[in-house]
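Undergrad: Sequence and predicted model, in that order:
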Number of protein chains: 2
Amino acid sequence: MKKLINDPQQVVTETLEGFALAYPDLVEVHFDPDWVERKVSKDAGKVGLVSGGGSGHEPLHAGYVGVGMLDAAVPGPVFTSPTPDPIVEATRAADKGAGVVHIVKNYTGDVLNFETAAELAEMDDISVETVLVDDDCAVENSTWTAGRRGVAGTVLVEKIAGAAAERGDDLATVAAIGRRVNENMRSMGLALGPCTVPHAGKPSFDLAEDEIELGIGIHGEPGYRRGHMEPADSLTEELYHRVRDDLGLVKGDRVIALVNGMGGTPESELFIVFRKLAALLEQDGVERARSLVGNYVTSLEMPGVSITLLRLDSEMEELFDAPAYTPAWK
Amino acid sequence: MKKLINDPQQVVTETLEGFALAYPDLVEVHFDPDWVERKVSKDAGKVGLVSGGGSGHEPLHAGYVGVGMLDAAVPGPVFTSPTPDPIVEATRAADKGAGVVHIVKNYTGDVLNFETAAELAEMDDISVETVLVDDDCAVENSTWTAGRRGVAGTVLVEKIAGAAAERGDDLATVAAIGRRVNENMRSMGLALGPCTVPHAGKPSFDLAEDEIELGIGIHGEPGYRRGHMEPADSLTEELYHRVRDDLGLVKGDRVIALVNGMGGTPESELFIVFRKLAALLEQDGVERARSLVGNYVTSLEMPGVSITLLRLDSEMEELFDAPAYTPAWK
């Protein structure tokens, strides 16, 4: 295993130490247990937003802590849910008297631990609403999931619900907007190869020389088929059709189109995929209102890509456009 | 070769098509020959900034076209210099009567083609000054270079000289500031593995299971030694000492510290390297005035990292902090 690390057991701690040193004006990092807090002052009465989950998906979630997005993030070990303890601490810090929204990707460990944390926080009279993200329409149920997985669309929930909280919406409204984003959004990815979890020391799965995995999960969970390498245009078309049909997109809809790199994909390849996605949307008469191309939700160094489409309404669009200032979203 | 592409010969064109679709408000992309122009209106009398070079280093250069950075970028084929033609076109477009600065990474092809383009532009009465970037202190001379190579520090020249042009400095001043940045800056990288140029179809070099290349070039050119994998902290220390000593950094200096991912490196590993770099600077009494961690100048999907240190003066610092708005720098 070749990785720029020291001790595989210290990867998350040392990453957070570097992160804290890089963004001292934006975030405060707490250790043992580990969680990341927004530093820029918050209004009393603002709804707090907390997200978290296994590490290895950087910049998700800590990179999105800041003005207009998250108040706190709770990174677990690589690809492993954080325990309730740091989630409770983050929730307490994020509560300014108006309650806290938990944004939780739909994995069994995350769901359970955020639920426990919410119960503990409520014993302290903190109201908690949970927004479950399950945008991946590749498969029902999966290695660590009952139902659908939460993947790259999570960043859009954090952006839009974050803007709602920032403008002063109340707890129920922020949560409802977050859920509306999730309901109107679908994602699907593919991988050309695996990634290696540092403490595992070997690749998370094997693919033959010419083989790819379609519908891959962000932890390398199996997708809906393995196939041979094909041109980017036909792969993009396959992902797009499944996302479009599952979302029920029709002519005249407006969307945010996100082409997300999984960590080991050259930026040029993301633009080649985006180019085809834009053409397919245009063919179908779907308006591409906003576009995002880059590494938003990664899987360590996995070579691969996902596409996410979010059907917009005017409120979501306005909130998406609202200013945000975080380490990874400016 | 597994890549998200269609035809290996069309990679640059299709990347630029996607790029144009993603950022219609910021850039205009011209094809055949290919070059990228800043769309947001420019003041008459502003010095123009043009850079370019082989593709495969995205977001360099096209991602830095916009307010406060480049007026135009000229992407060549992957890892191959653009010809003089598009450079001349870009230079003509960038000239608003105050002349144009060419920012050129020190590779033989780039130097020659920008020089020819400058001569052609001067026949049209456009004054051109050239800022040569050769920040890589790993080796003297290299596969495609006489002298030292230009690498990740190029983005700092583009940012700081771009801000000088934006505030209205004249041609000689913008060029002098760009040269001052280059003179006060050193970089060095290492790779854990190769990348694959699409039209070559195979990895650019071979490394054994436990082997790394120190002082690697951004096209995979040989560095100053091959060695075994070591902990991130000792590798960072080795790079830092060479950069520090070559730059002649002393206690009390202030620097911008850039930890740059080469395209296939997880963000967590960049922060682990940054953490050690920050500690080493502090030990030496060098003030880390600004920090950058991310994929600024890549080598396709190469797993690796480089560190760049720029010794700041107050003018460079002010220009670095000036607003910029481009696809990749906000």
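TA: It's in.

Undergrad: How about the residues of the stretch 201-330 of chain A by chain B?
TA: A:209-210, A:212, A:229, A:231-233, A:235, A:263-275, A:278, A:291, A:293, A:295, A:298, A:300-301, A:303, A:305, A:330 (Cβ under 8 Å from any Cβ of the partner chain). All C-beta spots, glycine's among them, are computed from the backbone N, C-alpha and C.

Undergrad: what about the helices in chain A?
TA: A:11-22, A:84-94, A:108-123, A:154-166, A:171-183, A:232-247, A:267-283, A:314-321 (DSSP state H).

Undergrad: burial count for the residue nearest to residue A:23 when sequence neighbours are not counted?
TA: Once flanking residues are discounted, residue A:23 sits nearest to residue A:327: 4.7 Å by Cβ to Cβ, 6 or more residues apart in numbering or on different chains. By other Cβ atoms under 10 Å in any protein chain shown, 21 other residues sit near residue A:327.

Undergrad: List the residues that contact residue A:327.
TA: Residue A:327 sits next to A:19, A:22, A:23, A:26, A:27, A:59, A:62, A:63, A:64, A:65, A:66 when contact means Cβ atoms under 8 Å, 6 or more residues apart in numbering or on different chains.

Undergrad: Turn these into TSV, including neighbour count.
TA: What follows is these, written out as TSV (neighbours: other Cβ atoms under 10 Å in any protein chain shown):
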residue	neighbour count
A:19	28
A:22	23
A:23	22
A:26	19
A:27	24
A:59	22
A:62	33
A:63	27
A:64	27
A:65	34
A:66	25
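
Undergrad: Nearest to residue B:136 among those residues?
TA: Proximity of the contacts of residue A:327 to residue B:136 (Cβ to Cβ) peaks at residue A:22, which lies at 22.9 Å.

Undergrad: List the residues that contact the closest one.
TA: Counting by Cβ under 8 Å, 6+ apart, residue A:22 has contacts A:327, B:271, B:274, B:278, B:291, B:293.

Undergrad: rerun that using 6 Å as the cut-off
TA: With contact set as Cβ atoms under 6 Å, 6 or more residues apart in numbering or on different chains, residue A:22 has these partners: B:274, B:291, B:293.

Undergrad: what does residue A:250 give?
TA: Counting by Cβ under 6 Å, 6+ apart, residue A:250 has no contacts.

Undergrad: Just to check, residue A:198 is in contact with residue A:11?
TA: Yes: judged on Cβ atoms under 6 Å, residue A:198 makes contact with residue A:11 at a distance of 4.9 Å.

Undergrad: quick one: common contacting residues for these two?
TA: Common neighbours of residue A:198 and residue A:11, using Cβ under 6 Å, 6+ apart, are residue A:5.

Undergrad: What count of nearby residues applies to residue A:164?
TA: 26.

Undergrad: quick one, what contacts it?
TA: Residue A:164 neighbours (Cβ under 6 Å, 6+ apart): A:174, A:177, A:319.

Undergrad: can you do 10 Å?
TA: Residues counted as contacts of residue A:164 (Cβ atoms under 10 Å, 6 or more residues apart in numbering or on different chains) are A:47, A:49, A:68, A:101, A:170, A:173-178, A:181, A:315-316, A:318-319, A:322.

Undergrad: And the pLDDT at it?
TA: Here, the pLDDT recorded for residue A:164 equals 98.

Undergrad: rewinding a little: next, format the contacts of residue A:327 as JSON lines and append pLDDT.
TA: Converted to JSON lines, those look like this (pLDDT from 0 to 100):
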{"residue": "A:19", "pLDDT": "98"}
{"residue": "A:22", "pLDDT": "98"}
{"residue": "A:23", "pLDDT": "98"}
{"residue": "A:26", "pLDDT": "96"}
{"residue": "A:27", "pLDDT": "97"}
{"residue": "A:59", "pLDDT": "98"}
{"residue": "A:62", "pLDDT": "98"}
{"residue": "A:63", "pLDDT": "98"}
{"residue": "A:64", "pLDDT": "98"}
{"residue": "A:65", "pLDDT": "98"}
{"residue": "A:66", "pLDDT": "97"}
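
Undergrad: And the furthest pair within those residues?
TA: Longest span within the contacts of residue A:327, Cβ to Cβ: A:22 and A:64, 14.7 Å.

Undergrad: coming back round to it: so which of the helices of chain A is the most packed in?
TA: The highest mean neighbour count among those, using mean count of other Cβ atoms under 10 Å in any protein chain shown, belongs to helix A:154-166: a mean of 27.

Undergrad: Just give me how far that helix sits from the chain centre.
TA: Mean-position distance between helix A:154-166 and its chain equals 11 Å (Cα atoms, centre = their mean, to the nearest Å).

Undergrad: Alpha carbons of that helix, in CSV - could you do that?
TA: The C-alpha coordinates for helix A:154-166 follow below in CSV (Å, rounded to 0.1, in the frame of the first residue of the first chain):
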residue,chain,number,x,y,z
THR,A,154,-25.6,15.2,0.1
VAL,A,155,-23.6,18.3,-0.7
LEU,A,156,-26.7,19.9,-2.3
VAL,A,157,-28.8,19.1,0.8
GLU,A,158,-26.1,20.8,2.9
LYS,A,159,-26.0,23.8,0.6
ILE,A,160,-29.7,24.4,0.3
ALA,A,161,-30.8,23.6,3.8
GLY,A,162,-27.8,25.5,5.0
ALA,A,163,-28.9,28.6,3.2
ALA,A,164,-32.4,28.2,4.6
ALA,A,165,-31.0,28.1,8.1
GLU,A,166,-28.8,31.0,7.4
